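Requesting a structural model of the entry that follows:
(chains A and B)
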Amino acid sequence: MTDLVSYAIRGVPIGCVFALMAVGVVLTYKTSGVFNLAFGAQAFVSAAVYYETRVRHDWPIWLAFLVAVVALGPAIGYVLDRALFRHLRTAPPIARLVTSLGLLVAIPQMVQIWFGNSPAYNPLGIAPDPGRIFRWGEYALDANQVATILVTLLVVAALTVLFRFSALGLRMRAVVESPRMSELTAINADRVGSSAWMMSSFLAGLSGVLLAPLFAQVEANAFFTLLVAAVAAAAFGGLSSIPLTFAGGLALGVLQQVLAGYLPSDSVVSQGLRPALPFLVLFLLLLFWPPLRGIGRAADPLAGVDPPPPAPAATVRSSGMTTMTRVLAVATVAGFVLAALFWFDAFWLLLFTKGLIFGVIFLSITVLTGMGGQVSLSQAAFAGVGAFATGQLVENFGLPVLPTMFLGALVAAVVGAVLAIPALRLDGLYLTLATLAFALMWENVLVPQTWVSSGPLGVDVPRPLVGPVDFTDDRAFLLLCLVVLALVGLLVLLVKRGTTGRYLDALRGSELAAASIGVDRTRARITTFALSAGIAGLGGGLLASQVGRATPTDYVFFLGLFWVVMVVTLGDRSVQAAITAGMSFLLVPELLSRIDLGFLPEILNPADNPAAIASILFGLGALTYAKHPEGILELQTRRSIERVNTWGAALARRRSATVDASDGPDPAVANGPGGPR
Amino acid sequence: MTPPLLELDHVDAGYGPFRALFDVSFSVAEGRALALLGSNGAGKTTVARVASGLVAPTAGHVRLAGDDVTGVAAFRLARRGVAHAPEGRSVFATLTVEENLVLAFREGTKRGHPGVDASLASAYDLFPRLATRRGQVAGTLSGGEQRMLSLARVLVQPPRLLIVDELSLGLAPIIVSEVYATLGRIKAAGTTLLIVEQLVSHALGIADDVVLLTKGRTGYVGPADELGDLDAHFLG
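Take a look at the predicted model:
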């Protein structure tokens, strides 16, 4: 009994931390309609600033807290609202989600640039006397834990009061539902929106500073992993109730510690179950928790006042231009193949091959996000499933590599379909959260199992050997990747133009309307999900085969997140865009590393820090999604086609004008400078 | 001479690349009721939106009691007494009936405040059906009840200018008559009305003046009793 109580007490501060973040997420969602995946990143900003001032510069607690939380938190919120989210109030939910994803990718890297790469060990809390232990009976908590509990209780009480009793809370909810209608009710929607963001960002900062001492060092990933527990707690509160959210966070923290206390530490159950708990809880809540049913956002009755950006109109190309672009495309591919065969050295060969493989993987995002309109954060996990399945099948059953890759893709597709079946009850945001839970579960629970990854060194995935053709030769392998890419691209095009593609178009427009004309939503969804997972799995297998093995660190969650951001930024509606994104994924950091701006400090110099700078570029690039949902690449294509068209039209006009003039009997022209003399 | 309460002066307006209004001019004098009539897509709703500040005109001017309010935010106009009940089920679907009603009060949104209590009482007087559903989430009301609520919502604070858009849409005829009776009482109390309506008979029953709108341009502008045969205006 005493054991149980002491385990439970140990869980309380952790539960409070989960609850604090969860309450912040719920607050942001309730008051701005954005499910802020970047909440953890914002928390990291304040934690880093607090560390920098308090630990590295030895500021007093109150001053460091004032700067890092009270000033910086709301300031970030204000900037985010003014620069981004204010303009997204009437944007479709997917645009808001993608925007927060972009921030999630960009913010930690920007902070890192300022904060430096040196590890920040031993973060300090806000308790003035951290060594002090509070005891009653045989139970004890240290000062920082007590501070966390007190602050959390205070925040929960304050927010409950805000929503239950204050005019501001009511107005915030009204603005989320319809900013325009709120304005008609004499509410300054912009100001209410700003205060909502400032408040939730303050909370992000606060939780960041309170959380930091939980970890050995201040680093961005820790905050993100915590977010899953927070999301689970938020789901428990139905994304709406502050007290329930608090209860959920607390329960999760306590449950985790109690399980840790009671399960024998060396059992399979404990090794699997304990880390998996938040993901499992989140997954189960998403599927079965009644408060999340039918939350579907109320439609804004005045949405028509600010119409979304018009859908990209089909650009008309003249037949001449179509021929020209086709010739150009063939020439590019042919040139590429020739260059690959005769000119590239080993380094560039490797890079371009990887680019092609990522083109394959990114096509999975084209299918799911571009065609299906759903954001999945588990594409890296699907690629991992493909890679590990290929490796294990080859190793254990001695199957030939090339067909096994397709078998691996099949396994990934099945996993995707299995995930999609329960996820069918979910939509938009909830589906994304379910994929988030799956991706993190895959990474933290499944990958460490030996039957998946064969341990930290991973599993061998040799290059294929087909008859006389040995793909250990890098040039041959590049051609293989090119062929696979072409086949997958063709498949995506066929699906896009076929029935499933049309169904998806209809579903994207209106599920209700689509259902009323007999579109089978279930089948279309499962097909896309399985297809997408399969394509990612195939790409994963190829990638592993190129390197020779699949290791647990190859398909980490954050990578999958970055992929989505990249593809969405460049364009998720076309095959070309996915291929370009695949190439850019490798070439941009490579090119950046060649831009040596020696006058900049090392951390800002692309040559020294190419990966971080590429992350920031693509993260911030995703912020353009709301304005140009077709992607930067498509936008530029359309613009240049329009430009060529107007140019061609002007040329044609001028030509017809001269033709008219030369054969017209007008004496004024005949006697002009160009006429007979 | 006192300036008209609302004046649209050579207004053009639209949404993004789409232009909905072309050179629209008319005015409503204080205390009068003006009916804005026209077929589907004539631009009636856009006129209502321009008048309440939801849509900023791309050319021309909007004046409120002589002040130029072109491009002024909707919430500022609302604070100056312009109330707009948009077409359709314009209620906050996730808030309760009572929360919908108290939202507009600047002084506080709690019962117990004398002004709030009195206004709520009069709103429930007007629409007794809402009183029985005050704790219900507005999104779960029936269509007719939602229309009542959206009208009650703009009436809790007596406006100077009331803009109602397609009031009769989706309401049972008997409720339409009831609502128009209410509008008559509001007008008698001194509120200026801008009524956007397809159901001509009811609107003409209350209107002093009429503006006919065809394809975003004004046709007839003048007193209701000199309008003559309506069909002639649309067909002739």
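
can you map out the helices along the stretch 101-250 of chain A?
A:143-165, A:167-177, A:179-184, A:189-211, A:220-236, A:242-262 (DSSP state H, counting those that start in this stretch).

Looking at those helices, which one is packed in the most?
helix A:179-184 (a mean of 27; mean count of other CB atoms under 10 Å in any protein chain shown). Where C-beta positions appear, they are placed from N, C-alpha and C, glycine not excepted.

so what's the residue nearest the centre of chain A up against?
For chain A, the residue nearest the mean C-alpha position is A:Leu561 (3.7 Å; CA atoms, centre = their mean). For A:Leu561, the contact set (CB atoms under 8 Å, 6 or more residues apart in numbering or on different chains) comprises A:Leu101, A:Leu104, A:Val105, A:Leu377, A:Ala380.

just curious, which of those is nearest to chain B?
Each of the contacts of A:Leu561 was scored against chain B by CB to the nearest CB, and A:Leu101 proved nearest at 25.5 Å.

could you list every residue that touches the closest one?
Counted by CB under 8 Å, 6+ apart, A:Leu101 has contacts A:Leu37, A:Ala38, A:Val375, A:Leu561, A:Val564, A:Val565, A:Val568, A:Ala622.

So of the residues you listed, which two are at opposite extremes in space?
A:Ala38 and A:Val568 (15.1 Å; CB to CB).

Can you spell out which residues form a bridge with residue 217?
Went with chain A since none was named. A:Tyr121 (DSSP bridges).

that's the wrong chain, I wanted chain B
Those that pair with B:Arg217 in a beta bridge, by DSSP bridges, are B:Thr214.

surely it meets B:Val24?
Yes. Contact criterion CB atoms under 8 Å: B:Arg217 and B:Val24 qualify, at 7.0 Å.

more crowded one of those two?
B:Val24 (25 against 14; other CB atoms under 10 Å in any protein chain shown).

follow-up on the earlier one: got JSON lines for the contacts of A:Leu101, with pLDDT and secondary structure too?
Listed next are the contacts of A:Leu101 as JSON lines, based on pLDDT from 0 to 100; DSSP: H, G, I helix; E, B strand; the rest coil:
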{"residue": "A:Leu37", "pLDDT": "85", "secondary structure": "coil"}
{"residue": "A:Ala38", "pLDDT": "87", "secondary structure": "coil"}
{"residue": "A:Val375", "pLDDT": "86", "secondary structure": "coil"}
{"residue": "A:Leu561", "pLDDT": "85", "secondary structure": "helix"}
{"residue": "A:Val564", "pLDDT": "88", "secondary structure": "helix"}
{"residue": "A:Val565", "pLDDT": "86", "secondary structure": "helix"}
{"residue": "A:Val568", "pLDDT": "85", "secondary structure": "helix"}
{"residue": "A:Ala622", "pLDDT": "80", "secondary structure": "helix"}
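
ok, and the most crowded of those residues?
A:Val568 (30 neighbours).

Check whether stretch A:181-191 comes near chain B.
Yes. On the criterion CB under 8 Å from any CB of the partner chain, stretch A:181-191 is in touch with chain B at A:Met181, A:Ser182, A:Glu183, A:Leu184, A:Thr185, A:Ala186, A:Ile187, A:Asn188, A:Ala189.

one step back: how far away is the residue nearest to the centre of chain A from chain B?
30 Å (CB to the nearest CB, to the nearest Å).

what do you get for A:Ala652?
25 Å.

name the element that residue belongs to?
helix A:632-663 (DSSP states H and E).

just checking, A:Leu255 touches A:Arg10?
No. With contact defined as CB under 8 Å, A:Leu255 does not count as touching A:Arg10 (11.8 Å).

Is it possible to mark the buried ones in the contacts of A:Leu561?
A:Leu101, A:Leu104, A:Val105, A:Leu377, A:Ala380 (16 or more other CB atoms under 10 Å in any protein chain shown).

If you drop the residues flanking it in sequence, what lies closest to A:Ala38?
Distances taken as CB to CB, 6 or more residues apart in numbering or on different chains place A:Leu103 nearest to A:Ala38, at 3.8 Å, with adjacent residues excluded.

Any buried residues in the longest helix seen in chain B, and which?
Determined from DSSP state H, the single longest helix within chain B is helix B:173-188. With burial defined by 16+ other CB under 10 Å, the residues of helix B:173-188 counted as buried are B:Ile175, B:Val176, B:Val179, B:Tyr180, B:Thr182, B:Leu183, B:Ile186, B:Lys187.

now do stretch A:126-133
A:Ile126, A:Ala127.

Would you mind measuring the gap between the ends of that stretch?
15 Å (CA to CA, to the nearest Å).

Looking at the contacts of A:Leu561, spot the one nearest A:Ala22.
Among the contacts of A:Leu561, and counting by CB to CB, the member closest to A:Ala22 is A:Leu104, at 17.0 Å.

Next one: the closest one from A:Gly40, what distance?
7 Å (CB to CB, to the nearest Å).

same question, B:Ala59
Counting by CB to CB - B:Ala59 and A:Gly40 are separated by 48 Å.

What of A:Asp190?
A:Asp190 is 27 Å from A:Gly40, by CB to CB.

Quick check on A:Arg463: phi, psi?
Phi and psi for A:Arg463, reported as degrees, to the nearest 10, are phi -70, psi 150.

May I ask you to confirm that it is in contact with A:Val401?
Yes. With contact defined as CB under 8 Å, A:Arg463 reaches A:Val401; the gap is 6.9 Å.

Can you pull the residues that touch both of the two?
Contacts common to A:Arg463 and A:Val401, judged by CB under 8 Å, 6+ apart, are A:Ser545.

Please say which of these two ends up with more neighbours.
Taking other CB under 10 Å, A:Arg463 and A:Val401 do not tie; A:Val401 has more neighbours (21 against 18).

Leaving out chain neighbours, which residue sits closest to the more buried one?
A:Pro464 (4.1 Å).

Check the contact between the one you found and A:Leu479; I expect there is one.
No. Using CB under 8 Å, A:Pro464 is not in contact with A:Leu479, being 11.9 Å away.

Of the two, which one has the most company?
A:Pro464 (22 against 18).

which phi and psi does the more buried one have?
According to degrees, to the nearest 10, A:Pro464 has phi -70, psi 160.

cool, the one 5 residues further on as well?
A:Val469 adopts backbone torsions of phi -90, psi 120, taken as degrees, to the nearest 10.

so what's it up against?
Neighbouring residues of A:Val469 by CB under 8 Å, 6+ apart: A:Ala476.

Could you rerun that using 10 Å?
Counting by CB atoms under 10 Å, 6 or more residues apart in numbering or on different chains, A:Val469 makes contact with A:Leu402, A:Ala476, A:Phe477, A:Leu479, A:Leu480.

so which of the residues you listed comes closest to A:Ala578?
A:Leu480 (18.6 Å).

The closest one is in contact with A:Leu538, isn't it?
No. Look at A:Leu480 against A:Leu538 with CB atoms under 10 Å: they stay out of range, at 12.0 Å.
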